[in-house]
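Q: Got a sequence here, can you model it:
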Amino acid sequence: MKYSQETYEKALASLAKLREQSTNESERNTIDFIAEAVAEKADRDVSDPTPLTREQLRQMVGRWVWVVVNYANAETSYKCDGWAKIVTYGTVAYFDQSLKVSELGTRFQAYTQPVSNFGVRTVSRKEDVEHAKPE
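A: Numbers count the residues shown, from 1 in each chain. The predicted model follows:
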């Protein structure tokens, strides 16, 4: 579920108050952990994700990226998403597949953080799959 920037700010302010009132170190550490998770989710929900460029991908060998991948099978098209590893200057490993960096923007999009949460989704019209875009 996505929330507004104001909701995240209120949640973080409430966590800060709880932390100030706490005298237990373990409890403060737990509150810090929760606040960090809330802040990261706020960044994902509120910011407009920008896809990585080919040049950015090529500079990230060995790192993980979030991908939204297009598939076509007969008359049905699919989109899948998940973590993928940039294994070489020109290759991204997604499950048992190799995506070519040259296919970025047509077969798949890549991001530094998750931008979707649909797993596998059927797309009814082929035009809808031409450019993988997060929902």
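
Q: contacts, neighbours, all on C-alpha from now
A: Will do.

Q: The longest strand seen in the chain packs against which elements?
A: For the chain, the strand that runs over the most residues, judged by DSSP state E, is strand 76-88. Contacts defined by 3 or more Cα pairs under 8 Å, 6 or more residues apart in numbering; DSSP states H and E place strand 76-88 against strand 64-73, strand 91-94, strand 120-123.

Q: buried set for it?
A: Residues Ser77, Tyr78, Lys79, Cys80, Asp81, Gly82, Trp83, Ala84, Lys85, Ile86, Val87, Thr88 are the ones in strand 76-88 that count as buried (16 or more other Cα atoms under 10 Å).

Q: Quick one: distance of stretch 24-37 to the chain centre.
A: Relative to the centre of its chain, stretch 24-37 is centred 24 Å away, using Cα atoms, centre = their mean, to the nearest Å.

Q: ok, and what's touching that stretch?
A: For stretch 24-37, contacts defined as Cα atoms under 8 Å, 6 or more residues apart in numbering pick out Leu12, Leu15, Leu18, Arg19, Ser22.

Q: Name the nearest of those relative to Ser98.
A: Using Cα to Cα, Leu12 is the member of the contacts of stretch 24-37 that sits closest to Ser98, with 40.3 Å.

Q: For the closest one, give me the pLDDT.
A: Looking at Leu12, its pLDDT is 90.

Q: and what of Leu52?
A: At Leu52, the model reports a pLDDT of 94.

Q: ok, now Ser77?
A: 82.

Q: domains of the chain?
A: For the chain, the structural domains run 5-46, 54-129, going by automatic domain parsing.

Q: Worst mean pLDDT among the helices and strands packed on strand 76-88?
A: strand 120-123 (a mean of 57).

Q: quick one on the thing from earlier: list buried residues within the contacts of stretch 24-37.
A: Leu12, Leu15, Arg19.

Q: Run the chain-centre distance for the longest strand of the chain.
A: 11 Å.
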